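Student: Give me a 3D structure for the following:
(chains A and B)
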2 protein chains.
Amino acid sequence: MTVTTPRGFRAADVAAGVKSGAAADVALVVNDGPDAGIAGVFTANRVKAAPVLWTRQVVRGGVARAVILNSGGANACTGPAGFQDTHATAEHTAAALTSASPRLRLGAGDVAVCSTGLIGERLPMDKLLPGVRAAIRALSRDGGAAAAEAIMTTDTRPKTTVAAGGGWTVGGMAKGAGMLAPAMATMLCVLTTDAVAGPAALDAALRAACRVTFDRVDSDGCMSTNDTVLLLSSGASGVEPTEAELTAAVTAACHDLAQQLVADAEGATKQIAIEVVGAADEDDAVEVGRSVARNNLVKTALFGNDPNWGRILAAVGTTAAAFEPDALDVAVNGVWVCRSGAAAEDRSKVDLTGRDVTIRIDLHAGGAQATVWTNDLSHAYVHENSAYST
Amino acid sequence: MTVTTPRGFRAADVAAGVKSGAAADVALVVNDGPDAGIAGVFTANRVKAAPVLWTRQVVRGGVARAVILNSGGANACTGPAGFQDTHATAEHTAAALTSASPRLRLGAGDVAVCSTGLIGERLPMDKLLPGVRAAIRALSRDGGAAAAEAIMTTDTRPKTTVAAGGGWTVGGMAKGAGMLAPAMATMLCVLTTDAVAGPAALDAALRAACRVTFDRVDSDGCMSTNDTVLLLSSGASGVEPTEAELTAAVTAACHDLAQQLVADAEGATKQIAIEVVGAADEDDAVEVGRSVARNNLVKTALFGNDPNWGRILAAVGTTAAAFEPDALDVAVNGVWVCRSGAAAEDRSKVDLTGRDVTIRIDLHAGGAQATVWTNDLSHAYVHENSAYST
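Tutor: Residues are numbered from 1 along each chain as shown, chains lettered A, B, ... in the order given. Predicted coordinates:
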């Protein structure tokens, strides 16, 4: 059920002391092949962390053998010195892996790097590099579950998944929790597959999957400097799926992980699906969904179990989507509290006592639809994010 | 110091019972002339309240004699019936004013209407219309201060201002507190002047003033359905200022009221000025300022007295403004905690214990600048907005 479920992958975790305390903070995923395919999708933030700048270069070639990840520090906004730290980490990982398995003959360019944690501080390389060596010694075919724990920051539980193909699988792990926003969350995600798939097929499948999963998760509207989703292929199954089959499995894995991210977002008490239907096109539906997902007044109302559809309409009204204000319908948990832009069913019928909330918005402007997932805005969110670095 | 400071205006307040409790909830401002000029700026939200739809028509002609305002209900998302309520309010006000001063001979189109309060509920017309008649009986030359109290919702204090011209003045009142966002806040603002100024001059001055004041206040990123800023001219001073003089005075009045809005925003513990300098153009500076102002992670950090400049950089990075990530400088309360996109001065030097916070961001991309004002995101914000309608 993890990155080591597909054949050809080993993983490990280590408590290297990058984080304070004894928690694991370094994870390693190694692709033993025979293939060494990789694809990646990264944050759209123009302020990109050093590991994003580095790993973007690595995936450009479509080939990589390992991913080294750390929590306890994002290595973002750390200047040229921070980039050198990432490069040194990749180089050290490549050299130590080659030393452990000389047939590999790896260079730094074979190693993707991911970091997560506080922005603006250098990584303690004196702890990280020994951690890399320890992780290599600990590599195992069932190391995936532990690796998923090592990348946690404010996550309360590890996130792993698996999606089955015909004779091949896709496995995955992710960390999220806070700064969850399009393209993407403060999230790291490593997916593995033993399918046979070239770089172009991997890239197409990963982009298609992210577009309808991670890119539609918007926990708090904030876009991170470090978001990275990687997909590695070992080809160890010997089976080459069609592009549609690969995309379906990768999408299923991403969808599952995305739902786990929303379920475990910082300080959330609600898991909210905003279903926009009747849109002129899919972009309109996403724009409306995102606008509602980011509206602090909608989010605080839901935290207070208040089906305040007026705030939902006000959020819809800030978009450029095609709709007429007096044609909007809104349902909260199945009760159509707003029809034709005005009050309809009695709002007291809405039951918001549970954790799951579904808001359905009918724009009556066409046949397209999309769902955006978000959370409420709670006291705990304010608390966690005002105390994060102190 | 109010809307009745300029000559030619009377105002009144009444507790009509639109709100529960005994608080004043209806305000009236009457322009006794000789001129009856009016200009208006309204919310950019496409879901517009009935009074916005109505008053937009009124100001189009450039002539109006009165503004009737109520708190206790926004009359937004109330459909055709809600629009009829607004129309009836204007008609009733016009008829009652004409009956009190027959020389006026007013029609509904001479009366602007503003409403504020909860979205999605009809106004209690059986209380509002008697309130209108009572307000007319209470009109006085020193009614401005009380009128400013009648339009309060979650405001903790009334907001009034005056700006002096040469032999003429601009007076004003506003309500805000929450849903403060561009174009504009959940705000109502009535400005008056006894300057001689035609509709085109009024309109130009008001638009220029709003652009650099109310439009740059972004308390919580949420755009209201009801925002209205009106400027009425009586010409009673007999002095006709230049367009520049009028614009300067109206801008001063709007700036003062905008600062009062930010100072009294719902649940805020900080009043934050985001000064963006070194921008390629003013639009870039505003975009960057607004992006930082809307970032929940920046806002919660400041609530926690945490000069988390990494989150500021991450917010800047989501914009399309011209800048290089490794050229960004950020100061918090005068301490340059970030230079060239990386850590600089010791963040422990930043004193965030006070209410006022200044964030200065140098994009190093040109000579333009702009300031956006916002608030922190506090426990009290979550509390007030999750309990608002219950």
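Student: who's in contact with the residue nearest to residue A:46 when sequence neighbours are not counted?
Tutor: Take residue A:46 and drop its neighbours on the chain: the residue closest to it by Cβ to Cβ, 6 or more residues apart in numbering or on different chains is residue B:317, 4.4 Å away. For glycine as for every other residue, the C-beta is placed from the backbone atoms N, C-alpha and C. Applying Cβ atoms under 8 Å, 6 or more residues apart in numbering or on different chains to residue B:317 gives the contacts A:45-48, A:223, A:225, B:325.
Student: go on, residue A:367?
Tutor: Going by Cβ under 8 Å, 6+ apart, the list of residues near residue A:367 reads A:278-279.
Student: per-residue confidence at it?
Tutor: Turning to residue A:367, the model gives it a pLDDT of 97.
Student: right, and residue A:113 touches residue A:55 too?
Tutor: Yes. Between residue A:113 and residue A:55 there is a contact under Cβ atoms under 8 Å: 5.7 Å.
Student: So of the contacts of residue B:317, which two are at opposite extremes in space?
Tutor: Using Cβ to Cβ, the pair of the contacts of residue B:317 lying farthest apart is A:223 and B:325, separated by 13.5 Å.
Student: Of those two, give the one with the bigger neighbour count.
Tutor: Between residue A:223 and residue B:325, residue A:223 has the larger neighbour count (other Cβ atoms under 10 Å in any protein chain shown), namely 27 against 20.
Student: Correct me if wrong: that one contacts residue B:314.
Tutor: Yes. Counting by Cβ under 8 Å, residue A:223 does reach residue B:314; the two are 6.8 Å apart.
Student: how does chain A divide up, domain by domain?
Tutor: What automatic domain parsing lists as the domains of chain A is A:9-263, A:271-386.
Student: If you tally nearby residues, what's the number for residue A:336?
Tutor: Look at residue A:336: counted by other Cβ under 10 Å, it has 15 neighbours.
Student: how near is the closest residue to residue A:22 other than its chain neighbours to residue A:71?
Tutor: Excluding its sequence neighbours, the residue lying closest to residue A:22 (Cβ to Cβ, 6+ apart) is residue A:15, at 5.5 Å. For residue A:15, the distance to residue A:71 equals 11 Å [Cβ to Cβ, to the nearest Å].
Student: Please identify which helix or strand holds the residue nearest to residue A:158 when sequence neighbours are not counted.
Tutor: In this structure, residue A:158 finds its nearest non-sequential neighbour in residue A:148, 3.9 Å apart by Cβ to Cβ, 6+ apart. Here residue A:148 is covered by helix A:144-150, with elements defined by DSSP states H and E.
Student: in the stretch 251-390 of chain A, which ranges drop under the pLDDT threshold?
Tutor: Applying pLDDT under 70 to the stretch 251-390 of chain A picks out residues A:388-390.
Student: For it, which segments are assigned as strands?
Tutor: All strands of the stretch 251-390 of chain A, identified by DSSP state E, counting those that start in this stretch, fall at A:271-279, A:329-332, A:335-339, A:342-343, A:356-362, A:368-375.
Student: Same list (the ones you listed) but as CSV, adding distance to residue B:139.
Tutor: Below are the strands of the stretch 251-390 of chain A laid out as CSV (distance: least, Cβ to Cβ, whole Å):
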stretch, distance to residue B:139
strand A:271-279, 48
strand A:329-332, 41
strand A:335-339, 38
strand A:342-343, 34
strand A:356-362, 44
strand A:368-375, 48
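Student: So which of these is nearest residue B:279?
Tutor: Set against residue B:279 and scored by Cβ to Cβ, these come closest in strand A:368-375, at 31.3 Å.
Student: related to what we said a few turns ago, report the contact partners of the residue nearest to residue A:22.
Tutor: Taking Cβ under 8 Å, 6+ apart, one finds A:22-26, A:131 in contact with residue A:15.
Student: Which PyMOL command selects the buried ones in these?
Tutor: Typed into PyMOL, the line below selects the buried ones among those, using 16 or more other Cβ atoms under 10 Å in any protein chain shown:
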select buried, chain A and resi 24+25+26+131
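Student: Mind putting the contacts of residue A:15 into TSV with secondary structure and pLDDT?
Tutor: Compiled in TSV, the contacts of residue A:15 are given as follows (DSSP: H, G, I helix; E, B strand; the rest coil; pLDDT from 0 to 100):
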residue	secondary structure	pLDDT
A:22	coil	86
A:23	coil	89
A:24	coil	93
A:25	coil	93
A:26	strand	96
A:131	helix	97
